[in-house]
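Peer 1: Fold the following for me, if possible:
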Amino acid sequence: MAKKKSPFRNLNEFEKEITDFANKHRLEVAEHSKRISDFFEISCFNYLVRYYKNKGYTATPQNLISGKYRYKCSPAGIQKNFSFFEIKKIVRGIEYKFEIHHNLAIQSSHNEDIYTTPDIVIIQSNSIKYTTSYYNTKKTFSFVENTDLKTFCEVKNFAPFPELLFNFIGVLNELKKEYMNNKNKSDSPVHIAPSLIISGKGNKPTNLIRERLQSRYNINIIYDTFFEGRFYFTKQAGELNKT
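Peer 2: Predicted coordinates:
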């Protein structure tokens, strides 16, 4: 009997993939965490950059720290201390600029005074704000107003299970409430729809849940990303949902 593939990739594979991505963009990557979950997030971040490039955007690394690209592998820290990618595209003579960030707090679409932090976000260019009034101390908090959020991705290094899939709909409701009643409008240019990216393979129940949720909302739920990620984010792939 064939040996079942683990949803958890070898650390060396991640390091090679990230190095290849950095070399392609002529980057040197700053030292970062050695946790597998962090490498998975970085890998998915890189896939998303590749996706936008394949859709006709130019992608340029910004805010290099001492000449190195610094990934933000947790919600902690001030956003200006980490790197990001600027993406640009000209549509009907108008240039649009956005930014792809890692672990950046986003204002709720229901209440202006609460926030949540998706793993990856695409935001309007130059829209990050800073405040010292969020915490009890004078600690600086970096965030983006909800109207400047274009789309987001949650990245989970798990095998899919029902509660994980339904929890994503809770995040969708908090950040993009218009998606709950299908009143979301298309911007120009369009973006990838909010996406849940999961490392492991689905089974019959979770495949059915994914099918139902994707038919109900304009979202992507992507399984088996360790082995199929390049397929999902290349020109050869079928069109992913759009916002």
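Peer 1: which residues does Arg196 bridge with?
Peer 2: One thing to correct before we go on: residue 196 is Leu, not Arg. Glu154, Ile221 (DSSP bridges).
Peer 1: Next, Phe85: secondary structure please.
Peer 2: With DSSP: H, G, I helix; E, B strand; the rest coil as the basis, Phe85 sits in strand.
Peer 1: Next up, the contacts around it.
Peer 2: By C-beta atoms under 8 Å, 6 or more residues apart in numbering, the residues touching Phe85 are Val49, Ala59, Thr60, Pro61, Gln62, Glu99, Ile100. Placement of C-beta: from N, CA and C, glycine included.
Peer 1: Give me the subset of these that lies in strands.
Peer 2: Taking DSSP state E as the definition of strands, the contacts of Phe85 contribute Ala59, Thr60, Pro61, Gln62, Glu99, Ile100.
Peer 1: Sketch out the low-pLDDT regions of this protein for me.
Peer 2: Residue ranges of the chain with pLDDT under 70: 1-35, 182-187, 226-239, 243.
Peer 1: Helices of that one, start to end?
Peer 2: Remark: helices assigned in the chain by DSSP state H are 11-24, 36-54, 162-175, 204-216, 225-232.
Peer 1: Mind listing the residues bridging to the nearest residue to Tyr115 once chain neighbours are set aside?
Peer 2: Nearest residue to Tyr115, sequence neighbours excluded (C-beta to C-beta, 6 or more residues apart in numbering): Ala105, at 4.3 Å. Following DSSP bridges, Ala105 is listed with bridge partners Phe143.
Peer 1: residue contacts, Ala105?
Peer 2: Counting by C-beta under 8 Å, 6+ apart, Ala105 touches Pro75, Tyr115, Thr116, Thr117, Phe141, Ser142, Phe143, Val144.
Peer 1: The third one and Ser108 touch, don't they?
Peer 2: If I follow you right, that is Thr116. Yes: with contact defined as C-beta atoms under 8 Å, Thr116 and Ser108 form a contacting pair (6.9 Å).
Peer 1: Find the residues that touch each one of those two.
Peer 2: Counting by C-beta under 8 Å, 6+ apart, the residues touching both Thr116 and Ser108 are Glu174, Leu175.
Peer 1: quick one: the residue nearest the centre of the chain from Gly67, how far?
Peer 2: The C-alpha lying nearest the average C-alpha coordinate of the chain belongs to Ile120 (C-alpha atoms, centre = their mean; 2.7 Å). If you measure Ile120 against Gly67 using C-beta to C-beta, to the nearest Å, the figure is 24 Å.
Peer 1: next one: Val49
Peer 2: Distance of Val49 to Gly67, computed by C-beta to C-beta: 19 Å.
Peer 1: Lovely, talk soon.
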